[in-house]
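Peer 1: Below is the sequence, then the predicted model.
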Amino acid sequence: MNTVDANIRNTNTKGEVNSLRTNGKVPAIVYGGTEKNQKVSLNKKIVKTLLEKENFLSNIIKLNIDGKPQDVLPREIMYDVVTDEPIHIDFLRIVKGGKIILEIPVKFINHEKSPGLKRGGVLNIVRRRVELKCPSENIPNELVVDLEGKDIGESFKISAIKLPEGVTPTIQGRDFVVATLAAPTIIKEPEKPAEETAEGAEGAEGEATAAEGGTEGEAKAAEGDKKEGDKKEGDKKAGEKKEDKKPAAEKKK
């Protein structure tokens with residue numbers, strides 16, 4: 001649990017609140033329980049450090065309000081639309097015996113010990129957070145799902161996750177799925193053996209050689225046909241010229 005120093009603020013106008021922010025403070029309010037709402041302010045640098053930590057909105061913080069400790073839960077944070085700096089925080093006062101509804105993150109462990117993941121399986125996360133009703137004094141930081149020994153085709157339901165005492169899901173009446181371990185969507189084709197690949201290459205080379213030989217033979221045959229045709233055409237023209245040279249008397253006969 002993080003401990004943060006806070007100071008009571010007596011700001012009543014927007015100008016006074018903006019002055020706090022200018023001096024590196026973040027205004028906040030503590031509400032809930034039987035006590036009155038309390039206006040406080042926190043150091044902006046400390047707030048930004050807390051915001052960088054995971055699950056800030058589901059972790060209890062101990063506020064030292066002018067030396068008086070108070071357990072609170074962050075419920076809402078407002079940010080500046082231009083600078084994205086935190087400008088206001090709402091804290092819920094933790095009262096013993098009360099119950100709070102929170103979204104708790106789900107954490108998956110032992111990925112390397114899952115046979116399904118080793119065989120290329122895919123972890124499909126249906127719910128990264130689960131909404132729970134928790135006693136104020138027993139709020140879990142996270143829900144743990146152990147993947148050790150899990151294979152393809154298995155699913156992880158809320159009933160398989162160990163919840164702290166008094167903690168219950170807000171969804172009742174069904175054992176809902178949190179994640180599944182599915183088969184890979186793309187199956188990699190095994191590589192061909194080296195011998196088979198070499199034989200395939202030789203066969204392809206032989207086919208290429210035969211194709212080259214056939215093409216060359218066809219070309220030569222076509223060239224021969226062309227020469228023979230040219231020869232016949234030449235003989236025909238020669239005969240015609242010879243006939244033209246015969247004497248006129250012979251032609252009359």
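Peer 2: Yep, it's here.
Peer 1: So in terms of bridging, what pairs with Leu63?
Peer 2: The partner list for Leu63 in beta bridges (DSSP bridges) reads Val4, Gln70.
Peer 1: For burial, what's the neighbour tally of it?
Peer 2: Summarising burial for Leu63: neighbours were counted as other Cβ atoms under 10 Å, giving 22. Every C-beta, even on glycine, is put in place using the N, C-alpha and C of the backbone.
Peer 1: is it true that it touches Phe91?
Peer 2: Yes - the pair Leu63 / Phe91 is scored as a contact, 6.9 Å apart, by Cβ atoms under 8 Å.
Peer 1: which residues are common contacts for these two?
Peer 2: Common contacts of Leu63 and Phe91 (Cβ atoms under 8 Å, 6 or more residues apart in numbering): 30, 40, 72.
Peer 1: does the second one really touch Ile61, like I thought?
Peer 2: The reference is to Val40. No - look at Val40 against Ile61 with Cβ under 8 Å: they stay out of range, at 11.8 Å.
Peer 1: what about the two, which has more around it?
Peer 2: With other Cβ under 10 Å as the criterion, Val40 and Ile61 differ in neighbour count, and Val40 comes out ahead with 23 against 20.
Peer 1: Which strand or helix spans the nearest residue to that one once chain neighbours are set aside?
Peer 2: Excluding its sequence neighbours, the residue lying closest to Val40 (Cβ to Cβ, 6 or more residues apart in numbering) is Ala6, at 4.3 Å. Counting by DSSP states H and E, the element that carries Ala6 is strand 2-8.
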